[in-house]
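Enquirer: missing the sequence, but the structure's below:
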């Protein structure tokens with residue numbers, strides 16, 4: 001319908017021209033400049049497919065070369081018509097922002113439920129194509145968040161519903177909130193669903209923290225009042241609970257200097273928008289973002305796909321020489337389980353690293369060989385008094401008394417801060 005409008009000029013404003021696939025970029029340009037990128041089938045054959053195939057680590061040299069040439073050609077085609085501005089391009093004096101990815105283990109109950117579902121008839125039907133995968137993915141994501149979500153309607157009225165001791169990530173969340181509270185920070189906590197936010201709200205209330213909540217059911221009229229109450233330092237509200245997609249434009253929560261994303265979204269733009277809520281004009285403190293990922297599970301696969309989608313965006317809009325990260329994988333990969341990474345290993349087996357840490361270690365090796373600028377990544381031991389970051393003992397929800405040596409961290413420098421990878425469990 002929009003393409004049928006008779007106009008002298010056409011402008012598209014988008015915060016994320018590529019969210020999941022390159023065909024989204026074609027759709028935007030075909031509205032602004034019909035025919036510039038050809039028809040969709042031609043665009044897919046000449047640009048989207050070669051760039052995608054050449055982006056995998058197991059691509060041949062010819063495929064990598066073809067992908068690079070296609071990305072350069074596409075970038076040159078769209079550059080005269082694309083005005084892209086990021087915070088680093090605007091002369092705005094914002095404090096530093098640090099992003100940290102914290103891998104959490106599961107409780108023994110969660111691991112048992114995860115194994116049982118992967119061995120179920122339902123997953124067999126998904127893998128042989130007779131059942132839609134989305135339902136199975138939803139079940140796995142509920143298990144890693146909190147197993148009570150599987151029986152929410154039947155158990156929601158129970159006093160034991162949402163017990164933190166049954167969720168590894170929820171226990172890590174409460175430990176982090178306790179540390180932030182002691183240090184005088186104020187924070188935002190995001191979750192993908194209202195159901196999980198209900199459980200987090202119950203845990204926060206039981207801990208005695210002052211909080212506000214906003215989700216899709218919050219009336220438009222009351223939202224600004226909630227935002228103003230949280231941003232008012234005199235009210236002393238410690239935590240704001242939100243669903244990741246709530247709010248849209250105009251939700252500025254600069255009263256917080258700590259952000260926690262409880263679970264990842266398939267769309268990296270959704271998480272990016274959420275974690276930027278506190279890092280806006282008016283923020284006077286350094287901001288730290290924690291992203292919780294349950295190691296060895298569907299969430300780690302979601303995080304990998306976020307990275308790959310960001311890779312595609314950067315390859316076309318910024319740098320066609322982007323490094324390759326992942327191998328091409330199929331649906332079956334989503335329904336695998338690294339139990340050791342999820343906290344189920346014992347003895348020597350527990351020393352196994354998770355897939356994402358190995359991935360970044362591989363990238364580090366490529367950088368050390370001079371493939372890209374050596375200043376783009378830094379590997380070091382974490383300092384106990386590192387400003388703007390929280391240090392606490394590695395911890396296993398099944399063994400809360402365990403104490404571990406300092407983990408080795410991987411930090412990625414960028415214009416907005418850095419990303420650090422660490423485990424919230426006993427690595428020995």
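Expert: Structure's in. What do you need? Remember, it's a predicted structure, so these values are computed and weren't measured experimentally.

Enquirer: spatially central residue for the chain, please.
Expert: Most central in the chain under CA atoms, centre = their mean is residue 264, positioned 4.2 Å from the mean C-alpha point.

Enquirer: that one is in contact with residue 303, isn't it?
Expert: Yes: in terms of CB atoms under 8 Å, residue 264 counts as a neighbour of residue 303; the distance is 5.3 Å. For every residue, glycine as well, the C-beta is placed using N, CA and C.

Enquirer: quickly list what's touching both of these two.
Expert: Residues touching both residue 264 and residue 303 by CB atoms under 8 Å, 6 or more residues apart in numbering: 291, 293.

Enquirer: so where's the stretch 101-250 of the chain uncertain?
Expert: 247-250 (pLDDT under 70).

Enquirer: ok, now how distant is the residue nearest to the centre of the chain from residue 244?
Expert: Separation of residue 264 from residue 244 (CB to CB, to the nearest Å): 9 Å.

Enquirer: okay, and the common contacts of those two?
Expert: Residues touching both residue 264 and residue 244 by CB under 8 Å, 6+ apart: 192, 271.

Enquirer: in what helix or strand does the nearest residue to the residue nearest to the centre of the chain once chain neighbours are set aside lie?
Expert: Spatial nearest neighbour of residue 264, excluding adjacent residues (CB to CB, 6 or more residues apart in numbering): residue 302 at 4.8 Å. For residue 302, the host element (DSSP states H and E) is helix 298-317.

Enquirer: so for that helix, mean pLDDT?
Expert: Taken as a whole, helix 298-317 has a mean pLDDT of 75.

Enquirer: then stretch 56-64?
Expert: 80.

Enquirer: and it, how far out from the chain's middle?
Expert: Here stretch 56-64 shows a centroid-to-chain-centroid distance of 26 Å under the convention CA atoms, centre = their mean, to the nearest Å.

Enquirer: same check, this time on stretch 146-160
Expert: Counting by CA atoms, centre = their mean, stretch 146-160 comes out at 26 Å from the chain centroid.

Enquirer: ditto for stretch 32-50
Expert: Counting by CA atoms, centre = their mean, stretch 32-50 is centred 29 Å from the centre of its parent chain.

Enquirer: now swap in stretch 214-222 and tell me
Expert: Centroid separation between stretch 214-222 and its chain, computed with CA atoms, centre = their mean, is 24 Å.

Enquirer: what does stretch 238-251 give?
Expert: Mean C-alpha position of stretch 238-251 versus that of the full chain (CA atoms, centre = their mean) differs by 16 Å.

Enquirer: residue 21: how many residues sit nearby?
Expert: 13 (other CB atoms under 10 Å).

Enquirer: burial measure for the nearest residue to it once chain neighbours are set aside, as a count.
Expert: Nearest residue to residue 21, sequence neighbours excluded (CB to CB, 6+ apart): residue 48, at 7.0 Å. Residue 48 has 20 neighbours, counted by other CB under 10 Å.

Enquirer: confidence score at residue 48?
Expert: For residue 48, the predicted pLDDT is 88.

Enquirer: how close does it sit to residue 85?
Expert: Residue 48 is 25 Å from residue 85, by CB to CB.

Enquirer: next: residue 42.
Expert: Going from residue 42 to residue 85 by CB to CB gives 30 Å.

Enquirer: by contact count, what packs against the host helix or strand of residue 71?
Expert: Residue 71 is part of helix 61-78, with elements assigned from DSSP H and E. In terms of contacts (3 or more CB pairs under 8 Å, 6 or more residues apart in numbering; DSSP states H and E), helix 61-78 is packed against helix 49-53, helix 298-317.

Enquirer: ok, for residue 272, nearest residue in space, not its chain neighbours?
Expert: Closest to residue 272 by CB to CB, 6+ apart is residue 16, at 7.9 Å.

Enquirer: how about the one you found, secondary structure?
Expert: For residue 16, the secondary structure call by DSSP: H, G, I helix; E, B strand; the rest coil comes out as coil.

Enquirer: wait, it touches residue 310, no?
Expert: No: counting by CB under 8 Å, residue 310 is not a contact partner of residue 16; they are 10.2 Å apart.

Enquirer: separation between residue 5 and residue 160?
Expert: 57 Å.

Enquirer: buried set for stretch 216-223?
Expert: Buried positions in stretch 216-223, judged by neighbour count with 16 or more other CB atoms under 10 Å: residue 218.

Enquirer: contacting residues around it?
Expert: If you take CB under 8 Å, 6+ apart as the criterion, stretch 216-223 is touched by 194, 214, 226, 243, 245, 246, 247, 251.

Enquirer: you'd agree the third one is in a helix?
Expert: Yes: when the secondary structure is assigned by three-state DSSP, residue 226 falls within a helix.

Enquirer: check contacts around it.
Expert: Neighbours of residue 226 in contact, by CB under 8 Å, 6+ apart: 212, 213, 214, 218, 240.

Enquirer: need the max-distance pair from the residues you listed.
Expert: Comparing every pair within the contacts of residue 226 by CB to CB identifies 218 and 240 as the most remote, at 11.6 Å.

Enquirer: residue 196 sits in which helix or strand?
Expert: Assigned by DSSP H and E, residue 196 falls in helix 194-206.

Enquirer: in this structure residue 213 contacts residue 201, no?
Expert: Yes: the criterion here is CB under 8 Å, and residue 213 meets it with residue 201 at 6.0 Å.

Enquirer: that older thread, now restrict the contacts of stretch 216-223 to buried residues only.
Expert: For the contacts of stretch 216-223, a neighbour count by 16+ other CB under 10 Å gives the buried set as 214, 226, 243, 246, 247, 251.

Enquirer: so how far is residue 278 from the last one?
Expert: Distance of residue 251 to residue 278, given as CB to CB: 10 Å.

Enquirer: next up, identify which helix or strand the residue nearest to residue 12 when sequence neighbours are not counted is on.
Expert: Leaving out its chain neighbours, the residue that sits closest to residue 12 by CB to CB, 6+ apart is residue 28, at 5.1 Å. In the assignment (DSSP H and E), residue 28 maps to helix 23-32.

Enquirer: after the helix or strand where residue 122 lies, which helix or strand is next?
Expert: Per DSSP H and E: residue 122 is located in helix 121-127. The helix or strand immediately downstream of helix 121-127 is helix 133-145, counting by DSSP H and E.
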